[in-house]
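Participant: Fold the following for me, if possible:
(one chain, ligands or ions: 1)
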Amino acid sequence: MALLEAGGRDWNPWIHVPVGYFKTMHDPRVDWCYRTAPDPGLEGRSIEWPRGKVLGGSSALNGLLYIRGQREDYDHWQSLGNGGWSYQDVLPYFKRSEDQERGADQYHGAGGPLGVSDIRIRRKICDQFIQSAIALDIPANDDFNGLDQEGVGYFQLTLRRGLRCSTATGFLKPARKRANLTVLTGARVTRVEFEGRTAVGVRVLVGGEQRTIRARAEVVLSAGAIGSPQLLQLSGVGPGAILRDQGIDVLHDLPGVGENLQDHLQIRSVYTCSIPTLNDEVNNFFRRMGIGIQFILTRSGPMSMGASQVCAFTRSEPGLNRPDIQFHIQPLSSDNPGHGLDHFSAFTSSVCQLRPESRGHVRVQSPDPMASPTIFANYLDSPVDRQVAVAGVRVGRRIARAAPLSQSVIDEREPGWALESDDEILAWVRARATTIYHPVGTCKMGLGTDAVVDPRLRVRGIDRLMVVDASIMPTIVSGNTNAPTIMIAEKAADMMRERPA
Ligand SMILES: Cc1cc2nc3c(=O)[nH]c(=O)nc-3n(C[C@H](O)[C@H](O)[C@H](O)COP(=O)(O)OP(=O)(O)OC[C@H]3O[C@@H](n4cnc5c(N)ncnc54)[C@H](O)[C@@H]3O)c2cc1C
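Facilitator: Next up, the predicted model:
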C-alpha cells in the first residue's frame, strides 16, 4: 500500500505543541493557504481557508477540539438512504478510534489510536461564562460526546500526554513499520488514471518528476473537501459542462462533484473585561516565560490549550427540538489569531450555526493541477442562516449580561451594544465573520443523481475508486469535523476489509 502526501513530514515542532496552530496556520510550508472567492454573503470579502499540507493533514494544524456531532446528524444521513450510517452504526467507530483519558464507557473507547484528554487550562472568565450560561438554563455538560450534546462546559481535546494527537501521530506512526506500507511525502497527485471506467492508479509529481503509481486493488482519495473534488474534476469525473469549459475531457459526467460545499461560519463577539485574561499573560514578557516553563515542566497551561476552552451547544430559539448553535469561548482576543493578542483584557465569544442551509462549491478553474480551484462558500445565502446568525449573537449577549459574567464584562467591543436591530447585527456579521475551518460535503454520499459516492464510499459509475474524507458528508455534522472524519475513515477501513481481495 502506498500513502501519497503532497506536504512534508510533520517535523515542525509547533505541530506537536497544542498552541502551535497559531504558528502553523498560514505557513505555506504546512498549509495550502487557500482563499475563498469573493462572497456576496460576506460583503464580497474573500477569506483565508487554511488546510493542512503535511502528514496528518488538517488534523496536524487544527484547534484540537474533540466533538462528534449529534445523534440526529447520523440518523439523518441514514434517512437519506445511506444504510449503515445511523448513530448506532457509527458509534462503535468513534469508540474504536478513541483513547479516552477518562476511560471507556457506553459512549467512549480507551486504548484506541486517538488520544482524547481533558483540557489542561482553566481561567476565571471561562468559569464565569459557564456559570452565566447555567443561570440562563443552559445545562452543565461535562461530556458533549456522551448521552446528550446540549449544554455548557469545557472542551475535550485530541491530546495525548499534553501533546497534539494528529492522525499522523495517532494512526500512521504506529503503522509505519509495516512491511506493506510505503509513505511518500512531497508527492502531489495530479490525476487519477483509468482504464475504461476503472481506476488503475494515479499520476503523481514527486521530486519534480511525473510518475505513475499503479494500484493493485483500488485508489482511495483522502485529499479533503477541497482536494478530493479537485482531483476528481482534473481526472474527468465531475460536472460535464464545467469540465468541458476548462478543456478537461469528460470521462464520467457526475454533476455533484464539488457541489454541496458546507462550512460553519464563525461569528466572533469580543468583550473587554475587568479581570485579566490571556491577553494580559501573553503580552507580559515574564509571564510569557512562565507559560513556556509551565509547559516544559508539566505539559499544561496556555501552551497546552486548544483553539477554545469552553463550549456551549444550545438553541437559538426556545421552541427548537435540539441545539442549532455552538459557542466557542476563548479567554483571549485578537483581530487575527496568527498575529498576536490584543493589548487589553478581553475574551471572545464565538457563535456558529450548526446546520447551515447555504451551499457553495469547489470547481477547477484550469486544467492545471497546480492551480487552486475556485472555492465559493456562499455563506448566509439562505434566509434561515441569516436569521440564526443574528439570533446566535443575541444569545451570546444574554450570557454576557447574566451574572456572574456580567460583573466582569466592561463593554462589548465587537459588535458593540449600539448595534441593536437585526439588520445592524447582520451587517456586522457580513463584515466580520470568518470560517471555523469545517468545509465538507463536496463528494456527497448518497443515492440520488447529485451523490458522488455510494454508502460504501465508492465513486458512482467508476470502479475501484473511493473517497474517504470530510467531503463525503451529505450534511455537515452539528459540531467540529475532525472526530467525524476519523470515524468515516475507521468505517471505510472495515468496508475495504470486507471486500473480496
Ligand atoms: C485551522 C483549522 C482548525 C480546525 N480546528 C478543528 C478543531 O478544533 N476540531 C475539529 O474537530 N476540527 C477542526 N478542524 C477541521 C478538521 O481538522 C478537518 O475537518 C479534518 O482534518 C478533515 O480531514 P480530511 O481528511 O477531510 O482532510 P485534510 O485533513 O485536510 O487532509 C487532506 C490531506 O490530503 C493532502 N492532499 C490534498 N491534495 C493532495 C494532492 N493532490 N496530492 C497529495 N496529497 C494531497 C493534504 O495535504 C492533506 O494532508 C480544523 C481545521 C483547520 C484547517
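Participant: switch to C-alpha atoms for all contacts and neighbour counts from now on
Facilitator: Will do.
Participant: Which stretches in the stretch 201-350 of the chain count as strands?
Facilitator: 209-214, 219-221, 237-238, 252-253, 265-273, 310-314, 325-330, 346-353 (DSSP state E, counting those that start in this stretch).
Participant: I meant the stretch 1-150 of the chain, not that one.
Facilitator: Using DSSP E, counting those that start in this stretch, the strands of the stretch 1-150 of the chain run over 2-5, 34-35, 48-49, 98-100, 114-118.
Participant: Quick one: closest of those to residue 462.
Facilitator: With C-alpha to C-alpha as the criterion, residue 462 lies closest to strand 2-5 of the strands of the stretch 1-150 of the chain, at 20.7 Å.
Participant: Which neighbours in the sheet does that closest one have, and how are they oriented?
Facilitator: strand 182-185 (parallel) (DSSP bridges).
Participant: that older thread, out of the strands of the stretch 1-150 of the chain, which comes closest to residue 329?
Facilitator: For residue 329, the closest of the strands of the stretch 1-150 of the chain is strand 114-118, at 15.7 Å, according to C-alpha to C-alpha.
Participant: tell me what the closest one is packed against?
Facilitator: In this structure, strand 114-118 packs against strand 98-100, strand 156-157, strand 159-160, with contacts taken as 3 or more C-alpha pairs under 8 Å, 6 or more residues apart in numbering; DSSP states H and E.
Participant: and among those, the most buried is which?
Facilitator: Neighbour counts (mean count of other C-alpha atoms under 10 Å) averaged over each of those peak at strand 156-157, with a mean of 28.
Participant: Report the distance from it to the chain centre.
Facilitator: Centroid separation for strand 156-157 versus its chain: 14 Å, with C-alpha atoms, centre = their mean, to the nearest Å.
Participant: what's in contact with that strand?
Facilitator: 64, 65, 66, 67, 116, 117, 118, 119, 306 (C-alpha atoms under 8 Å, 6 or more residues apart in numbering).
Participant: picking that back up, okay, the helices and strands packed on strand 114-118 in CSV with distance to the ligand and mean pLDDT next?
Facilitator: Output for those, formatted as CSV (distance: least, C-alpha to the nearest ligand atom, whole Å; pLDDT from 0 to 100):
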stretch, distance to the ligand, mean pLDDT
strand 98-100, 14, 98
strand 156-157, 8, 98
strand 159-160, 11, 95
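Participant: Format the ones you listed as CSV; extra columns: distance to residue 317.
Facilitator: Shown next, in CSV, are the helices and strands packed on strand 114-118 (distance: least, C-alpha to C-alpha, whole Å):
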stretch, distance to residue 317
strand 98-100, 33
strand 156-157, 27
strand 159-160, 34
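Participant: Residue 9 is nearest to which of the ones you listed?
Facilitator: strand 159-160 (19.3 Å).
Participant: Does the ligand have contacts with the helix or strand following the closest one?
Facilitator: Downstream of strand 159-160, the next assigned helix or strand under DSSP states H and E is strand 163-164. No: Strand 163-164 stays clear of the ligand (C-alpha under 6 Å from any ligand atom), getting no nearer than 11.1 Å.
Participant: Let me see the mean pLDDT of strand 163-164.
Facilitator: The predicted model assigns strand 163-164 a mean pLDDT of 96.
Participant: Tell me where the model's unsure across the stretch 401-501 of the chain.
Facilitator: Low-confidence segments of the stretch 401-501 of the chain, defined by pLDDT under 70: 500-501.
Participant: Give me every residue in it that's in contact range of the ligand.
Facilitator: 437, 438, 469, 470, 480, 481, 482, 483, 485.
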